[in-house]
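In: Just need the structure, nothing else, for what follows:
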Amino acid sequence: MDSTFTEDQKTFAEATRAVLTGEVTAERIRQRWATPSGVDDALLEQIKGLGLNGMLVPEALGGLGLGQTDFVLMAQACGYVALPEPVAEQVTVVAPLLVDVVDRGLGDSSVQQVLDDLQSGSVRVAVAHPINPMVNFAESADWFLLGHGEALYLAAAEQVNLRPRKSVDPSRRLAEVNFDARDAHCLARGDVGAELWRATLNRGALCTAAQLVGLAEAMVDQTVRYTGDRQQFGRAVGANQAVKHLLADVAVQIEYAKPVIYRAAYTAEVSPDRADFAVSHAKVAAARAALLATRHCIQAHGAMGYTWECDLQIWVKRAWALAREWGDEGFHKNRIHEWLLRPNALLGPDFTFGRRSITDSSEALESMA
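Out: Next up is the predicted model:
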């Protein structure tokens, strides 16, 4: 299996990263904290111009028709700059869920209209998954995709009640969403609803994993610059082996997490029914790398790393928040264990690294029988 990215994928990701690194700085993130909405509308217009909103929407529905592997590098870039706006979630979670609803013929014409408006950037849609009930930027959302048991509901902003909640990350504007689960708002129930929520969980966890790796990379880069500039006893702090070892440990974990995330994106794209274990593995690996980065980078900064004035704390707090979003480490470890302990689990190098592990699973199972 060729796991390298194409030149088109790299070019699109580099273009997105260039826009984000130029427009999203620590200073501008701090400015958002003082605004009522917490978002930069001008930046959202630029992102809309890049065509990201419809990236994972099929061409038949007005989108670009790309897949999870095409966006995973861009989600990583969103994490690298600690982008406050939930752009990655709109692209990888909200839009594909609406596409699934339309493809299954669920709901009415309003679902298609919401999807069209989402792609045009005229509306914002938020998802409250049963495992992720706190909704980020709920106050600025026009529509909500909500869960009640296994059912999926679509409700307008005026049909829900919001209760603001504080986050450790001041860039996040969390709220608890309450609504009246009426039949008129219901899109799916039972097994269909459970299947839609399961796919949404995998997309959300994968998106979060990619952002966590981006956050970890940014924290290491910031710390390398700081320890290179900071002088102590006549030499740069970063010249000490103890500091180098701390950052090297983080760099190793990041490099171990990246291929796991890319494999999960590929699995979710070509065989979503088998994506649970791959996505959970990616979330665990990415969260570990990011949390290790928070500890070691703060230690390398010294006491300054904890202060409000230090930019590092922006990335640290985002990593703390995202590590528990869309399922914490314990939840995803349980999913991995359940997959590995199945009687017909496809284990071994042939199934781990070969194409059969994803696309020919039914054939492999028959050969094992």
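
In: Can you point out the helix or strand that includes C297?
Out: C297 belongs to helix 276-301 when assigned by DSSP states H and E.

In: Now do the same for P343: helix, strand or coil?
Out: Three-state assignment for P343 (DSSP: H, G, I helix; E, B strand; the rest coil): coil.

In: helix, strand or coil for R17?
Out: helix.

In: check contacts around it.
Out: 74, 77, 80 (Cβ atoms under 8 Å, 6 or more residues apart in numbering). Just so you know, the C-beta spots here come from the backbone N, C-alpha and C atoms, and that holds for glycine as well.

In: and which of those is nearest to L115?
Out: Relative to L115, the closest of the contacts of R17 is M74; by Cβ to Cβ it sits at 19.9 Å.

In: so who does that closest one touch?
Out: 12-13, 16-17, 52, 88, 91.

In: next one: E59
Out: G65.

In: ok so, going back, got the contacts of M74 as TSV, with distance to R104 and pLDDT columns?
Out: Output for the contacts of M74, formatted as TSV (distance: Cβ to Cβ, whole Å; pLDDT from 0 to 100):
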residue	distance to R104	pLDDT
F12	29	85
A13	31	88
T16	30	87
R17	35	89
L52	25	86
A88	24	94
V91	21	94
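
In: If we go by neighbour counts, what in stretch 24-33 is buried?
Out: For stretch 24-33, the neighbour count (16 or more other Cβ atoms under 10 Å) marks 24, 26, 29, 32 as buried.

In: can you check stretch 102-119 too?
Out: Judged by neighbour count (16+ other Cβ under 10 Å), stretch 102-119 contains these buried residues: 102, 106-107, 111, 114-119.

In: for the stretch 51-200 of the chain, which spans come out with low pLDDT?
Out: By pLDDT under 70, the stretch 51-200 of the chain has no low-scoring segment.

In: circling back to that earlier point, could you export the buried residues of stretch 102-119 to CSV, including columns for secondary structure and distance to D328?
Out: Below are these laid out as CSV (DSSP: H, G, I helix; E, B strand; the rest coil; distance: Cβ to Cβ, whole Å):
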residue, secondary structure, distance to D328
V102, helix, 32
L106, coil, 30
G107, coil, 32
V111, helix, 31
V114, helix, 30
L115, helix, 31
D116, helix, 35
D117, helix, 33
L118, helix, 29
Q119, helix, 32
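
In: those helices in the stretch 151-300 of the chain, which residues are they?
Out: 190-229, 241-270, 276-301 (DSSP state H, counting those that start in this stretch).

In: Which members of the buried residues of stretch 24-33 occur in strands, if any?
Out: Among those, none falls in strands (DSSP state E).

In: Tell me which two in those are the farthest apart.
Out: Maximum distance among those (Cβ to Cβ): 10.9 Å, for A26 and R32.

In: For R32, give its distance to T25.
Out: 11 Å (Cβ to Cβ, to the nearest Å).
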